[in-house]
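>>> Only the shape, not the letters, is given here:
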């Protein structure tokens, strides 16, 4: 499951993305989740920012920003930000996803998602 949200009303330059993955948290490779851009070297493609782990329902964060939970769950739910570009694709080892038809941020996420104020 991948869901794309328009970011919060005060900042429309970012997307918030939520993913449910059939992987333990320790195996998720955030640095390989990228937004490919024509005319930009692959090594300079945008990667995720402010990744955070959520409980299975997506109603609580289960650890601090940028930390990986120390649990044995085989499934993970994560949220992170990407900056909006002209590209409409999010590429990852877990599939390629279209960046369109963003939804509004649901109430269950509004109070639990943390921002990295140096970037967002």
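Noted; the coordinates are in hand. What you see is a predicted model, and the numbers here were worked out from it, not measured in a lab.

>>> just the strands in the protein please.
2-6, 14-21, 34-35, 46-47, 49-54, 76-83, 89-92, 95-98 (DSSP state E).

>>> rank those by pLDDT, which is bottom?
Among the strands of the chain, strand 2-6 carries the lowest mean pLDDT, a mean of 77.

>>> need the strands of the chain in JSON lines with mean neighbour count and distance to residue 66, can you?
The way it works is simple: take the backbone N, C-alpha and C, and place the C-beta from them, glycine included. JSON lines is the format used below for these (neighbours: other CB atoms under 10 Å; distance: least, CB to CB, whole Å):
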{"stretch": "strand 2-6", "mean neighbour count": "17", "distance to residue 66": "20"}
{"stretch": "strand 14-21", "mean neighbour count": "20", "distance to residue 66": "16"}
{"stretch": "strand 34-35", "mean neighbour count": "20", "distance to residue 66": "18"}
{"stretch": "strand 46-47", "mean neighbour count": "16", "distance to residue 66": "13"}
{"stretch": "strand 49-54", "mean neighbour count": "20", "distance to residue 66": "7"}
{"stretch": "strand 76-83", "mean neighbour count": "20", "distance to residue 66": "10"}
{"stretch": "strand 89-92", "mean neighbour count": "17", "distance to residue 66": "18"}
{"stretch": "strand 95-98", "mean neighbour count": "12", "distance to residue 66": "22"}
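
>>> quick one: contacts for the residue lying closest to residue 69 once chain neighbours are set aside?
Leaving aside its sequence neighbours, residue 69 sits nearest to residue 63 (CB to CB, 6 or more residues apart in numbering; 4.5 Å). Contacts for residue 63 (CB atoms under 8 Å, 6 or more residues apart in numbering) come out as 52, 53, 69.

>>> how close does the residue nearest to residue 48 when sequence neighbours are not counted sit to residue 33?
Excluding its sequence neighbours, the residue lying closest to residue 48 (CB to CB, 6+ apart) is residue 80, at 4.0 Å. The gap separating residue 80 from residue 33 is 8 Å, by CB to CB, to the nearest Å.
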